[in-house]
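>>> need coordinates for the below:
(chains A, B, C and D)
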Protein chains: 4
Amino acid sequence: MHKYAAYVTELIGTFFLVLTVGASVLTGSPLAPLAIGAALMVMVYAGGHISGGHYNPSVTMGVLLRRRIEVADAVAYWVAQIIGGVLGAAVAYWVVNPRGVAMLSLSGRAWLAAALVEALFTFALAYVMLNVATSSSNPNNSFYGLAIGFTVTAGIVAVGRISGGMFNPAVVAGALVMGLLPWYTAALYLVVQLLAGAVAGVVFLALNPDEVQSRPRVEEAAR
Amino acid sequence: MHKYAAYVTELIGTFFLVLTVGASVLTGSPLAPLAIGAALMVMVYAGGHISGGHYNPSVTMGVLLRRRIEVADAVAYWVAQIIGGVLGAAVAYWVVNPRGVAMLSLSGRAWLAAALVEALFTFALAYVMLNVATSSSNPNNSFYGLAIGFTVTAGIVAVGRISGGMFNPAVVAGALVMGLLPWYTAALYLVVQLLAGAVAGVVFLALNPDEVQSRPRVEEAAR
Amino acid sequence: MHKYAAYVTELIGTFFLVLTVGASVLTGSPLAPLAIGAALMVMVYAGGHISGGHYNPSVTMGVLLRRRIEVADAVAYWVAQIIGGVLGAAVAYWVVNPRGVAMLSLSGRAWLAAALVEALFTFALAYVMLNVATSSSNPNNSFYGLAIGFTVTAGIVAVGRISGGMFNPAVVAGALVMGLLPWYTAALYLVVQLLAGAVAGVVFLALNPDEVQSRPRVEEAAR
Amino acid sequence: MHKYAAYVTELIGTFFLVLTVGASVLTGSPLAPLAIGAALMVMVYAGGHISGGHYNPSVTMGVLLRRRIEVADAVAYWVAQIIGGVLGAAVAYWVVNPRGVAMLSLSGRAWLAAALVEALFTFALAYVMLNVATSSSNPNNSFYGLAIGFTVTAGIVAVGRISGGMFNPAVVAGALVMGLLPWYTAALYLVVQLLAGAVAGVVFLALNPDEVQSRPRVEEAAR
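Below you'll find the model as predicted:
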C-alpha cells in the first residue's frame, strides 16, 4: 500500500513540474527559470517523505545506481514520472492554447553542444540530489529541496538558450508532446540524461565511500 | 485568549499578502510573482507558531478536511482572512491610486481554462502546505514557509497570464474590491478554490494513511 | 568585550546592506529588490549569533519594546547602524559616480501614501523579525534570515515605486547622503519607521503573551 | 583517500560555478545573478560535507587564516579550484560559441572603484561563509549554503556593472580564459580578492574570540 502512495506522489509532483514548465514557457514568462526551480523545490519538500521526491527518471537512475531504490520500484517510478509529465504537458498546452510553438531546431555543433549541457546539468542535478537527500552526512536537513530546485533554476538560466534546459526525461517527454522538440533531439537528450544520472550515482559512491551499502529503502530515499 | 491571537494573526498575514498582491500588480512590478510568494512565505514563518499560518480559506478548508482544525475555528479563520484581504486590497488601491484598472475579462474556453488552473494550483498549494506543515514525517523542519510561498510564485509565473494567478479566496475578495475581476469570475474561482482545498485534504489523508486521526489543534496546525 | 563585537557586527552588516541598496539603485539594476533582501538575509545569518542581526534602528526599537535588549545597547546599536549606513551610502556613491540622481519628490496625498506604506512594511519587517528570531516557539530554526530578508524584497517590489521602499532609518540616512530624499521626507520616514518598530514590539507581546519577560540579553537577541 | 574526495569535490563545484557564470554571461541572461548565486549555493550544499564547499581561493584563504584547514590542503584546494574554473570557462565558451566577447576595459578611477568593490564583496563572501559554516555558534544549521550563495547574488546585482562582480579568483581565471578581462585587471582582482579573504579570516577571529583554536580539520570545515 505504501508503495502505491509513492508512485502517486511521483505522478503528482512530475505533473506539476511539467505543467509549470509548459505553461511558463508557452506564455513566455521571463521568470520561468525561477518558477520551474520553485515547482521542483516545493514538490520535493511536499513529497519527499513519501516517495523521495525524484520527479525525474535520471534522478531515479542515480538513486538506483547508488542502491537506495529497488529495480521494480525504479521502473514504477519511471512510468509514473512519464505519465505525470505527459499529462502536465497536455494540460499546459490546452490551457495556454498557443497559436503555434517554436520547435527547437538544432544541428551539427549546436546539437552536440545542447547534448553536452543537458548531460552536464542533469549530472549536476542528480549529484546534488544524491548528496543532499541521500547522504548520511546530511541527516534531517531542511535545505534538500532548495538545493535540488535551484540546480534546475541555475541550469535553465545558464544553458536554457542552448538546449532548452530540460535535464529530465519527463520534461523531454512533455516537450515532445507540446511540439517543442523534434523526436531525434528528444531521443538524444533521453540517452545522455539517463547516462548522466547513472554517472552521478557512481561519482557519489566514489566520493562518499562510507555510503556504499545495499539496503534499498523507497521510503527513506529522500532523507 | 490564545484563539483570538490566532485570528488576529490570520488577519495580519492575509492583510500583508493581499496588500503585496494589490500594490505590486497595480504598479506593474515585473517581480510581482516573487514578491507575492515572499510575502506569503514570511507571514507563514512569522505567524505559523500562533495560527498555523494559513492566510487562505482554501488552505483552511484542506486543514479542516485533514482534521487539524475545528469547524468553529475554521469559520473564524475564514472571516479573519476575508477581512484581512479586503483591507489589504483597499489600502493597496488607496496608496497606488491608479487611473484605472484592467479587469480580467474571460469567456468560453478561456474562462474554463482559468478555472482549471486556479483549481490545479490551489490544490498544489494546499497539498504542499498539508505535507510540509502538518505531516508528522516532517517535524521541526525549517522549509515549510519556503515551500508554501514558492508554490504561489511558481503558479503565478506559470498561469498568471491565464487566470490572474490567485489560488486563494481572500485574494479573490481583494481583487473584487480593486475591480480586477468581474463578480461571476470571482464566484467561479471561489467555488473551485474551496473544492481544490478540500480535495487536497482528502488526497493528503489517502497518501499519508498514518496521519488519519481526530485531534484538531489550532495551535499545532502549522507544525 | 563581547558587546563591542556586537556593535561592530551591526556596523558591518548595515554597511553592506546600504552599499547594496545604494549601488543597485544608482546603477538601476532590475533585480535590486532581490539583491537588497538577499544582502539583509546574508548579514542576518552571518551576524545573528553575535549581535542578533538587526541592522535597522526600527528593528532595534521593536526588540527594545519586546525587552530583549537594554537601552544602552540599543543606543549603541543605533549609532553603529547609522554610521554603517552612511558609510555604505558614501562608498556606493563614490564607486557608481553617477552624473546625477533623481530625488524622490512627493507632496500631498502621495507623500502621505509613502509614509503609510513605509510604516506598514517597517511594521511587517519588525513583526516578522520578532516572531522568527526572538520567539521561544521557534528555537534553533534555520529560516529566520530568509524570512527577514524577503520581507524587504516583498516590500520593495510592492511599494518601492510609491515610497522608495526603505523600511529602515539607516537606509533613510544613506538615501539622504546620496541625495535620493529631501530632508523633510527623510524626517517623516524616520518618525513613522521608529513608531512602526515600537508598535511591532507591542503587537508581538500581545500576540505572544507567554513571551512577556524582562531578561534582556544582547547575545540571544537573534534566537 | 578522503582528502582526494575533497579535492575532486572542489573541482566539480568550481567547474559548475564557473560554467554557470560563463554561460549565463555569454548568453546575456537577465537572471544571471540569481543563477550564479544558486549554482554556488547548490554546490555548497552538495559538497559541504566532503570538502567544506569553498569553490573559491579567497574563501580558502579565509579558512586558512581562521585555522580550519592546513596549508598543504589549502594549496591543493587552490589548484583544484583553478582547474575547475578554467575547465568551466572553456566549456561555457565552447557551448555558447560567441561571435565575440566584450572585454571589461577600465582605467583610472573606474579601475580603482572596481578593485574596491571586488575587495568589499569578496570580504563579505568570506565573512559570511566563516560565520555561517565554521562558527560553533551555528551548528547543524540548514542556511549556510543559502547565505553563501546569495551573498554573491547580492554583490553581482549591486556592483556587477562596476567590476563584473566576480569575488573569486577562480572566476577571474575563467574570465581571463574567456577573454572577458585584460590580464592587468585580472591580476589586480586576484590580489585584492586574496587579501579580502585573509582580512575576513582575521575579522572573524576578532569578532568571535571563542573560536580561536588550532585544530585544522578539512572534513569539518563546512560545519
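
>>> excluding its backbone neighbours, what's nearest the most centrally placed residue in chain A?
Centroid-nearest residue in chain A, with CA atoms, centre = their mean: A:Asn56, separated by 3.3 Å. Once flanking residues are discounted, A:Asn56 sits nearest to A:Asn168: 4.3 Å by CB to CB, 6 or more residues apart in numbering or on different chains. C-beta here means a position set from N, CA and C on the backbone, and glycine is covered the same way.

>>> look at the residue nearest to the centre of chain A and report its pLDDT.
According to the prediction, A:Asn56 has pLDDT 98.

>>> same deal with A:Arg223?
Turning to A:Arg223, the model gives it a pLDDT of 39.

>>> what about A:Ala6, neighbour count?
24 (other CB atoms under 10 Å in any protein chain shown).

>>> next: A:Leu26.
Neighbourhood size, A:Leu26 [other CB under 10 Å]: 22.

>>> over to A:Leu11?
Counted with other CB under 10 Å, the neighbours of A:Leu11 add up to 22.

>>> following the helix or strand harbouring it, which helix or strand shows up next?
Element membership for A:Leu11 (DSSP states H and E) is helix A:2-26. Following helix A:2-26 in sequence order, the next helix or strand is helix A:32-51 (DSSP H and E).

>>> how about that following helix, does it get close to chain D?
Yes - Helix A:32-51 reaches chain D (CB under 8 Å from any CB of the partner chain) through A:Pro33, A:Leu34, A:Gly37.

>>> follow-up on the earlier one: isn't the residue nearest to A:Asn56 right up against A:His54?
No - using CB atoms under 8 Å, A:Asn168 is not in contact with A:His54, being 9.7 Å away.

>>> more crowded one of the two?
More crowded of A:Asn168 and A:His54, by other CB under 10 Å: A:His54, with 36 against 32.

>>> quick revisit: got the phi and psi for the residue nearest to the centre of chain A?
Main-chain torsions, A:Asn56, degrees, to the nearest 10: phi -160, psi 110.

>>> tell me how many other residues crowd the closest residue to A:Val157 other than its chain neighbours.
Excluding the flanking residues, the one nearest A:Val157 by CB to CB, 6+ apart is D:Ala35, at 3.4 Å. By other CB under 10 Å, the residues close to D:Ala35 number 29.

>>> D:Ala35 and chain B, how far apart?
Applying CB to the nearest CB, to the nearest Å, the value for D:Ala35 to chain B is 15 Å.

>>> now do the contacts for that residue.
A:Pro33, A:Thr153, A:Ala154, A:Ile156, A:Val157, A:Ala158, D:Thr20, D:Ser24, D:Ser29 (CB atoms under 8 Å, 6 or more residues apart in numbering or on different chains).

>>> look up phi and psi at the residue of chain A most remote from its centre.
Using CA atoms, centre = their mean, the residue of chain A lying farthest from its centre is A:Arg99. It sits 28.0 Å away. Note on A:Arg99: its backbone torsions stand at phi -70, psi -20 [degrees, to the nearest 10].

>>> could you check the pLDDT of it?
92.

>>> do you know how far it is from D:Asn168?
45 Å (CB to CB, to the nearest Å).

>>> low pLDDT regions in chain A?
The model of chain A has pLDDT under 70 over residues A:1, A:213-223.

>>> where along it do the strands fall?
For chain A, applying DSSP state E gives no strands.

>>> residue numbers of it in contact with chain B?
Counting by CB under 8 Å from any CB, the residues of chain A close to chain B are A:1, A:5, A:8-9, A:12, A:16, A:19-20, A:23-24, A:27, A:29-32, A:34-36, A:38-39, A:41-43, A:45-47, A:49-50, A:91-92, A:94-97, A:142-143, A:145-146.

>>> quick one, which of the residues you listed are buried?
Listed as buried from the residues of chain A next to chain B are A:5, A:8-9, A:12, A:16, A:19-20, A:23-24, A:27, A:29, A:31-32, A:34-36, A:38-39, A:41-43, A:45-47, A:49-50, A:91-92, A:95-96, A:142-143, A:145-146; burial here means 16 or more other CB atoms under 10 Å in any protein chain shown.

>>> which residues touch the spatially closest residue to A:Val192 that is not a sequence neighbour?
If the residues on either side of it in the chain are set aside, A:Val192 comes closest to A:Ala119, at 4.2 Å by CB to CB, 6+ apart. A:Ala119 makes contacts with A:Val192, A:Gln193, A:Leu195, A:Ala196, as judged by CB under 8 Å, 6+ apart.

>>> what's the spacing between the third one and chain C?
Here the criterion is CB to the nearest CB. By it, A:Leu195 lies 35 Å from chain C.

>>> what count of nearby residues applies to that residue?
15.

>>> got the contact list for it?
A:Ala119.

>>> now the first one
When contacts are counted by CB under 8 Å, 6+ apart, A:Val192 touches A:Ala115, A:Leu116, A:Glu118, A:Ala119, A:Thr122.

>>> which one of those sits closest to A:Ile69?
A:Thr122 (17.7 Å; CB to CB).

>>> excluding its backbone neighbours, what's nearest that closest one?
Among residues not flanking A:Thr122 along the chain, A:Ala196 sits closest, at 3.9 Å (CB to CB, 6+ apart).

>>> these two touch, right, A:Arg68 and A:Thr134?
Yes - counting by CB under 8 Å, A:Thr134 is a contact partner of A:Arg68 at 5.5 Å.

>>> what's the distance between A:Pro98 and C:Ala200?
From A:Pro98 to C:Ala200 the distance is 47 Å (CB to CB).

>>> looking at those two, which is more packed in?
Each of A:Pro98 and C:Ala200 has its neighbours counted (other CB under 10 Å); C:Ala200 has more, 27 against 15.

>>> contacts only, for the more buried one.
For C:Ala200, the contact set (CB under 8 Å, 6+ apart) comprises C:Gly62, C:Leu65, C:Thr122, C:Phe123, C:Leu125, C:Ala126, C:Tyr127, C:Met129, C:Leu130.
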